[in-house]
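Engineer: One predicted model, sequence on top.
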Amino acid sequence: MKKGLKKIRNIGIIAHIDAGKTTVSERMLYYTGKIHKMGEVHDGDTAMDWMEQEQERGITITSAVTNFFWRDHEIHLIDTPGHVDFTIEVERSLRVLDGAIVVFCGVGGVEPQSETVWHQADKYRVPRIAFINKMDRVGADFHHVISMMKERFNTPPVILQLPIGRESDFKGVVDLIRKRALIWSKDGPGNEFEVVEIPEEMREEVERYRETLLEAVAEADDDLMEAYLESGDLPEDKIVWGLRERTLNLEIVPILCGSALKNKGIQPLMDAVVAYLPSPLDIPPVSGVNPETGEEATRPADIKAPLAALVFKIMMDHGRKLSFVRVYSGQVRVGEEVYNLNLKKREKVSRILEIHANHRKRIEAAKAGDIVGIIGLKKSSTGNTLCDASQPILLEPIDSYTPVISVAIETVSNQEMERVQEVLTQIMEEDPTFQVKTDEETGQIVISGMGELHLNVVTTRLMKEYGLKVHVGQPQVVYRETIVEPAEAVGVFDHDIAGARGFARVTLLMEPAERGTGNQYLEGKGHEEIPLAYREAIRAGAMDALSFGPMTGSPMTDVTVTLKDATWEENDHAVSALRIATATAVREGSQKAGVLLLEPVMELEILTPEEFTGDVISDINSRKGEVRSLTNKGKITDIRARVPLKQLFGYSTTLRSLTQGRGNFSMHYFRHDQTT
């Protein structure tokens, strides 16, 4: 049964790869009765990792949506991938979620992708709670993970639980709010736990950490602070209220712990989701732009408000296009038409589906606060706004990422080639970080993505899922171009179009931006009087031209384009003329400013036994890399380095050889920088 908005939680689980996100999700589904048998990632039978490749590889590749009920609350959950190659899945999930659970490994602590997803949550101002997982593992250290969080994140962690026992002796947690111990049986399914007195040897530690907790709660408002200073304690309901207020304001992050694999700590985690993460009513009204006036517009989380919804993910489902949609305000019903503001087209809603991983349940309507699948939106794509045509609002689009690696693929026949192109086009629609083009000189299809694993998953899908025979070439990095110095340029378009003169003249200033900041378009002073449609045409012309650099044809990056002046002939062709003139100015300015070739540089974290540290560092230096830091973790050395991507193909094999198979690494994109 549907609940009111106050009792809905739209949350995601985010983390570094192998921190245990999917196992946490699986336990939640089991304890809430959504599934009746717990699957395991290592067995390839979890509900949320339903793709064949996810089950074979033991990793999450695509974000999976589900919903369940806990404590009379309806929870919509998205389980996201932890591998950097699929970070777009985290990005677009966080864009539509109200809260998040960040899972940390009790051994690894704050790992590279942990930092990435944390900062993604910061960008979208998503309140979060943290769950330190794998407390049963050898080397697990709760307090070390807390110290890493304090060192690397701006939002302070506030401890709500302390672990009872370490490593294989981990058996439960101390609840600091209620001053009690929760103990799970050693090998049971974890459905029930025993509430007992706090172990005698932990009482002093518990009092110390509870005092720190109360101090953090008291800062929620003056009344709480006064009550705490008077009595030295606070009642349970006031503690929960204060924690919720500060969490929603992004002032603190509540910390819990457990072992999902050993079925310990999940029920208190779900209690914390209900207690501390926001409902749709707790977040600010969604904001956007009224395209008719250019002014900011907002929509409250209210079924009676005009429709405002965002398409955040596309998936091909048995040959049909399935659009994942977050409804922010209003409602949409089966059989109705919705207005796609980006495309300025109406589309009919054929079906609305409640999603549980790869299972679907048809429903008649989706209302404010819901996350659903919709069939029938044939033209809509990721980041498109669906709204009421009479009261339009254009929501902020979803940021994508630039591909950093390419491979060429060939087929055995022209007939196969057509089918491959058709399938790749579908995959490209599903995944904004995946790109396809045809090399005009060789006739090869070139696919580009976020890493070797990303492209390996795509080519494996072509062969296994679609039964296509393809040959895959060696990986190639994706280069970028940028300019060296500022330059001013003028672009002119002056041609007859259908018997009428099309004329525009645009003056631009092009300047190099700080490395890694991307492209930016600015309007100089005095252009407020230019009609919005013309300003948009100039902006679009600039961005189109930056997608093709003069040196190698690679996209340009880290360029700031500023409009200095624009004149035009006022007629039906003014928009096209301004767009073309702007593109001409960008090309002229690029030539004048001088062009530099950039290559992708990756950030590496390498964990190696200390006796192999010297060999690993020597290898990094030989790859033209830069070692940024060395940290000793007992007998393990944590090496942080930056290395050009083209130097890293096959690195996993080399690292295994250098460390007798005991070293491992993870990497993520840092930025494009000057070629070495």
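Structural biologist: Now that the structure is in, tell me what you want to look at.
Engineer: can you give me the strands for the stretch 1-150 of the chain?
Structural biologist: 8-15, 64-70, 73-79, 99-105, 128-133 (DSSP state E, counting those that start in this stretch).
Engineer: Please identify which of those strands is closest to E192.
Structural biologist: strand 64-70 (15.5 Å; CB to CB). (Glycine included, C-beta is placed from N, CA and C.)
Engineer: pull the longest strand from this protein.
Structural biologist: strand 595-609 (DSSP state E).
Engineer: in the helix or strand just after that one, what counts as buried?
Structural biologist: Per DSSP states H and E, the first helix or strand lying C-terminal to strand 595-609 is helix 613-622. Using 16 or more other CB atoms under 10 Å as the burial criterion, the residues of helix 613-622 that qualify are 613, 616-617, 619-620.
Engineer: Could you do stretch 383-395 as well?
Structural biologist: Buried residues in stretch 383-395 (16+ other CB under 10 Å): 383-388, 392-395.
Engineer: same deal with stretch 555-574?
Structural biologist: 555-564, 566, 568, 573-574.
Engineer: picking up where we left off before, nearest to E296, of the buried residues of helix 613-622?
Structural biologist: I620 (47.9 Å).
Engineer: How far does stretch 127-143 stretch from one end to the other?
Structural biologist: 22 Å (CA to CA, to the nearest Å).
Engineer: and it, what's its mean pLDDT?
Structural biologist: Averaging pLDDT along stretch 127-143 yields 94.
Engineer: cool, and stretch 302-312?
Structural biologist: For stretch 302-312, the mean pLDDT works out to 94.
Engineer: separation between T613 and D638?
Structural biologist: For T613, the distance to D638 equals 10 Å [CB to CB, to the nearest Å].
Engineer: How about A593?
Structural biologist: For A593, the distance to D638 - CB to CB - is 41 Å.
Engineer: Settle it for me: which of these two has more neighbours?
Structural biologist: A593 (21 against 16; other CB atoms under 10 Å).
Engineer: Backbone torsions only: list them for that one.
Structural biologist: phi -80, psi -20 (degrees, to the nearest 10).
Engineer: which residues does it contact?
Structural biologist: 483-487, 510, 512 (CB atoms under 8 Å, 6 or more residues apart in numbering).
Engineer: same check, this time on D136
Structural biologist: Contacts of D136 (CB under 8 Å, 6+ apart): 167-168, 170, 259, 261-262, 264.
Engineer: on that earlier part again, pLDDT and distance to S350 added to the buried residues of helix 613-622, as CSV?
Structural biologist: Converted to CSV, the buried residues of helix 613-622 look like this (pLDDT from 0 to 100; distance: CB to CB, whole Å):
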residue, pLDDT, distance to S350
T613, 93, 59
V616, 95, 55
I617, 95, 58
D619, 95, 56
I620, 95, 54
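Engineer: quick one: which of the residues you listed is nearest to A533?
Structural biologist: For the buried residues of helix 613-622, the nearest to A533 is I620 (51.9 Å; CB to CB).
Engineer: ok, which stretches of the stretch 351-500 of the chain are helices?
Structural biologist: 414-430, 452-460 (DSSP state H, counting those that start in this stretch).
Engineer: quick one, which of the ones you listed is nearest to S231?
Structural biologist: helix 452-460 (55.4 Å).
Engineer: neighbours around G12, how many?
Structural biologist: Neighbours around G12, by other CB under 10 Å: 27.
Engineer: Could I get the buried residue list for whatever helix or strand A540 lives in?
Structural biologist: According to DSSP H and E, A540 maps onto helix 532-545. For helix 532-545, the neighbour count (16+ other CB under 10 Å) marks 534-543, 545 as buried.
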